[in-house]
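> Got a sequence here, can you build the structure:
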Amino acid sequence: MFMDRSNRLKVTTLRSDGSLGPGGCRGTVIDERATLSVPGFPLINGGEWALSQRGSEIYYTRLDDSGRVEMAVAKENGGTWDVQAVEASSDRGLPIPSMDGSDPQARILYARVRESGYELMWRESTDPTTERTFGAHIVQASGGAPRWVRGERAITTTQLDSNGVAQAVRIDIDTSVVDVLTQDTDPKDEVWMWRAPEFGSARVFIAVAGGSQLRVYREEGASWNLINALDATAFSARSGIYSPEPTIIDGRSYVVMQLSNQKVGPSEIWVASIDPALPLLRQVSDPAAAGKVRTEPEWVHTSSGAFIYYTQNEGRGRAGLRRASTGL
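Numbering: from 1, shown residues only. You can find the predicted model right below:
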């Protein structure tokens, strides 16, 4: 699922080996009025997959008949795609849905347009009366966004401490209790939490510290302990870490990340394991094409192994989709 240069939301099929199916990136158009942005909000985002008892769905932002943003949901039905506006979602957009298949419906977090700027909100996707606000520190330069904790009714993000330093936090959406996860002097971003099978399903989280170090923390008793840290400059000429995303393969946790000196610039795509006892650090983009601009790496799991898809700038306003083998 992706958006083209004409702001059309599209889907395409994947073969079992991870390659694109018939039609390739031409895909099937779901909506011609999709958009990546919300007025006054510093980040952009396309469509996102959701998973619940309702099955797989796509949540995204589009323009209504008057040109105002609203949220929409698309679901495949017998080979076609049914699209409808999310109820009571005018002036709201950039939804990030949950991926918990046992939930009756997906939860969504999103931005709401206000005269004074924006608010960050969450709700049950099918029930607008559940809408609530939550606090998060948003940094445009990094593009880091709040995330759902898989298997929990909780959000991870960052909030500023009393010294103005962005710290990793976990927000319980039912109690509104905020657990502060870090307390050192390096600003944090891109916080993801999950249960790691290699550590007996203990909870772990990753965060980018100071823009250039991927840190891994493990819950041990009542404490969160730093167990691994990967400095970008220790293995790459690029100094920044962007768009990290974890996954689990054969009982081990891995993270894909974009390494570059700025969010959009010449970059590399790397995969790393989180366990310091079983280290893995692998560049999956072409090292011979060092000047290419690559963004938004995503995991794709197939019967032939795990692949990384990412966008590559081809010049003159054109972008292409690239697939990289991970060897995992």
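> Next, the residue nearest to A232 when sequence neighbours are not counted: phi, psi?
Excluding the flanking residues, the one nearest A232 by Cβ to Cβ, 6 or more residues apart in numbering is S212, at 4.8 Å. C-beta: built from backbone N, CA, C; applies to glycine. Backbone geometry at S212, expressed as degrees, to the nearest 10, gives phi -140, psi 0.
> Check T233 too.
The phi/psi pair for T233 (degrees, to the nearest 10) is phi -70, psi -10.
> right, and it touches G240 too?
No. With contact taken as Cβ atoms under 8 Å, T233 and G240 are classed as non-touching, separated by 9.6 Å.
> Quick check: mean pLDDT of stretch 321-328?
For stretch 321-328, the mean per-residue pLDDT is 94.
> residues contacting the residue of the chain positioned farthest from its centre?
Centroid-distance maximum for the chain: S66 at 29.4 Å, with Cα atoms, centre = their mean. If you count contacts by Cβ atoms under 8 Å, 6 or more residues apart in numbering, S66 has none.
> next one: D127
Contacts of D127 (Cβ under 8 Å, 6+ apart): Q105.
> Can you tell me how far the residue farthest from the centre of the chain is from S90?
S66 sits 9 Å away from S90, going by Cβ to Cβ, to the nearest Å.
> Y217 now?
From Y217 to S90 the distance is 39 Å (Cβ to Cβ).
> and if you look at R150?
For R150 relative to S90 (Cβ to Cβ), the value is 30 Å.
> How about the residue nearest to the spatial centre of the chain, nearest residue that isn't a chain neighbour?
Nearest to the mean C-alpha position of the chain, by Cα atoms, centre = their mean, lies E245 at 6.5 Å. Once flanking residues are discounted, E245 sits nearest to V256: 5.4 Å by Cβ to Cβ, 6+ apart.
> my guess is that neighbour contacts I274, does it?
No. The pair V256 / I274 is not scored as a contact, 11.9 Å apart, by Cβ under 8 Å.
> List the buried residues for the host helix or strand of H301?
Taking DSSP states H and E as the criterion, H301 maps to strand 294-302. Neighbour counts over strand 294-302 (16 or more other Cβ atoms under 10 Å) mark 294-297, 299 as buried.
> And for stretch 240-259?
240-248, 252-259.
> related to what we said a few turns ago, so Y217 and S90 - more neighbours on which side?
Y217 (23 against 15; other Cβ atoms under 10 Å).
> Just list the residues touching S16, thanks.
S16 touches 302-304, counting by Cβ under 8 Å, 6+ apart.
> what would those look like in CSV with pLDDT?
Formatted as CSV, the contacts of S16 follow (pLDDT from 0 to 100):
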residue, pLDDT
T302, 92
S303, 89
S304, 89
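> Got the domain ranges for the protein?
1-133, 135-291 (automatic domain parsing).
> for the stretch 51-200 of the chain, what spans make up the strands?
Using DSSP state E, counting those that start in this stretch, the strands found in the stretch 51-200 of the chain span residues 55-63, 69-77, 80-85, 92-97, 107-114, 117-124, 127-133, 147-148, 154-160, 166-172, 178-180, 188-196.
> Those: which one's closest to G327?
Shortest distance between G327 and those, using Cβ to Cβ, is found for strand 188-196: 20.4 Å.
> The closest one pairs with which strands?
Applying DSSP bridges to the sheet, strand 188-196 is found paired with strand 202-209 (antiparallel).
> Can you give me the distance of the residue farthest from the centre of the chain to L36?
Distance from S66 to L36, by Cβ to Cβ: 19 Å.
> ok, now T247?
From T247 to L36 the distance is 24 Å (Cβ to Cβ).
> about what we covered before: does the residue nearest to E245 have beta-bridge partners, and which?
With DSSP bridges as the rule, V256 is bridged to E245, V271.
> Quick one, grab the pLDDT at it.
99.
> ok, now which ones touch it?
Counted by Cβ under 8 Å, 6+ apart, V256 has contacts 244-245, 247, 269-271, 284, 297-299, 308.
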